[in-house]
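> Turn this into a structure:
(one chain, ligands or ions: 2)
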Amino acid sequence: MKLIKTEEAVGHILCQDMTQIIADKSKGPRFKKGHVVTEKDVPVLLSMGKVNLYVWEMEPGMVHENDAAHRLAELCLGPGCVAAGEPSEGKIGINAACDGVLLVNSERLRAVNATDEVMVATRKGGFAVHEGDALAGTRVIPLVVREEVLAAAEAAAAGEKLLEVRPFSARTAAVIATGSEVASGLIEDAFTPVMEAKLAAFGIEVTCRATPGDEMDSVVAAIDGARAAGVDVVVCTGGMSVDPDDNTPGAIKRAGARIVTYGSPVLPGAMLLVGYFDEKGADGAVMRSVPVLGVPGCAMYNKATVLDLVLPRVAAGVPLAKADFVELGEGGLCLGCKPCTFPHCPFGR
Ligand SMILES: Nc1nc2c(c(=O)[nH]1)N[C@H]1C(S)=C(S)[C@@H](COP(=O)(O)OP(=O)(O)OC[C@H]3O[C@@H](n4cnc5c(N)ncnc54)[C@H](O)[C@@H]3O)O[C@H]1N2
Ligand code: MOO
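Residues are numbered from 1 along each chain as shown. Ligands and ions are numbered 1, 2, ... in the order given. Down below sits the predicted model:
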């Protein structure tokens, strides 16, 4: 920072707000901190009594905070993301360009934020967002930064984008509500309506329903039927725990699913199973992977469970791996607040 004559300040950056007071008319910053002084500004500044100015001198190799903001925004803008306008005071926002699930490249985000003098703050990934929602904000810390600072942030991103909004793509689902008490009509099926509502939130219609009881063969046959119907998601409810007649995990396996996880570090939802039916072409390559969920009884009674943490990605066709479930442990304890304010709460964050 340097004090220089106003006449010599063209091209340099103001280090403080310049307040202008016009009696009975206006009072406020006429020029804001960070403003780059132009020829036209000089007479105005002089008329305000500003003979000298504190400025950052724009030397070669220095980047103004607003230009830096554009560079950082570029790191964030994966598919389904858009800049929320021009930078203001060095800060730029990133918005969702469509409805979908927000995917955050956590590893690269950490790497960028580990470099000096830059910051990127995002929403938690894995949650549903709507077109126009704010996703992230980014800026450099000082008014001007050396080019190397931005180059280091860009190197940390390693050519990958930090954010993506993946649109919901699954359209149809089967709900197979297990349990002999449900099949016999002793208990009215309350799980299918819960699942219908949860799936509808992502534009998924339940086109296939079954209540096969809890015999292994019947559940496998119901799963086979759902697959033959060509649904995008297969959901089996109940029978997920440790009772002798809890056959759902075994049936999903016997129907040919590749099991990603049986068990998740989330409460409620410890007994969740997630797998895929990999459909292979003649050459043995996987053409399509249909997700299958074994949903424990808790999801029928509780407003928020592991299902709500997983469904946005399932609905968007994001392949889930064991590591995705390992991540859920931190923040995976629902506090059971009354009333429940999910998703505006710490659950899953
Ligand atoms: N000894 C243990 N007991 C339990 C464990 C455990 O680890 N050890 N796990 C608990 C957890 S966690 C859960 S969650 C529950 C439920 O697991 P399930 O998926 O096996 O649930 P079900 O036994 O099939 O059903 C529980 C309850 O809900 C009724 N139900 C089931 N489906 C329907 C339906 N479609 N409509 C209406 N009602 C339904 C069912 O009749 C039972 O009353 O297990 C814990 N136990
Ligand atoms: O832990 Mo159970 O699968 O949620 O209530």
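
> Count the residues that sit near the nearest residue to Cys15 once chain neighbours are set aside.
Spatial nearest neighbour of Cys15, chain neighbours left out: Tyr54 (4.2 Å); criterion: Cβ to Cβ, 6 or more residues apart in numbering. Any C-beta I mention is one placed from the backbone N, CA and C, and that applies to glycine too. Using other Cβ atoms under 10 Å, Tyr54 has 15 other residues around it.

> and Thr211, what does it touch?
By Cβ atoms under 8 Å, 6 or more residues apart in numbering, Thr211 lies in contact with Ile176, Ala177, Thr178, Gly179, Val182, Ala183, Asp189.

> From what I see, the fourth one and Pro212 are in contact.
Think Gly179. No. Because the distance of 9.1 Å does not satisfy Cβ atoms under 8 Å, Gly179 is recorded as not touching Pro212.

> Among the contacts of Thr211, which lie within strands?
Among the contacts of Thr211, DSSP state E puts Ile176, Ala177, Thr178 in strands.

> Would you check that Leu77 makes contact with Gly93?
No. With contact defined as Cβ under 8 Å, Leu77 does not reach Gly93; the gap is 11.4 Å.

> can you list residues touching both of those two?
Residues within reach of Leu77 and of Gly93 at once, by Cβ under 8 Å, 6+ apart, are Ala83.

> How many residues are close by the spatially closest residue to Lys303 that is not a sequence neighbour?
Among residues not flanking Lys303 along the chain, Cys340 sits closest, at 4.4 Å (Cβ to Cβ, 6+ apart). Residues near Cys340, counting by other Cβ under 10 Å, number 15.

> A strand includes Cys340, no?
No. Counting by DSSP: H, G, I helix; E, B strand; the rest coil, Cys340 is not found in a strand; it is coil.

> Close to ligand 2: what parts of the stretch 201-349 of the chain are there?
Leu267, Pro268, Gly269, Ala270, Met271, Pro296, Cys298 (Cβ under 6 Å from any ligand atom).

> wait, what's in contact with the last one?
Right, the one you point to is Cys298. Contacts of Cys298 (Cβ under 8 Å, 6+ apart): Pro268, Gly269, Met271, Thr305.

> Cheers, nothing more for now.
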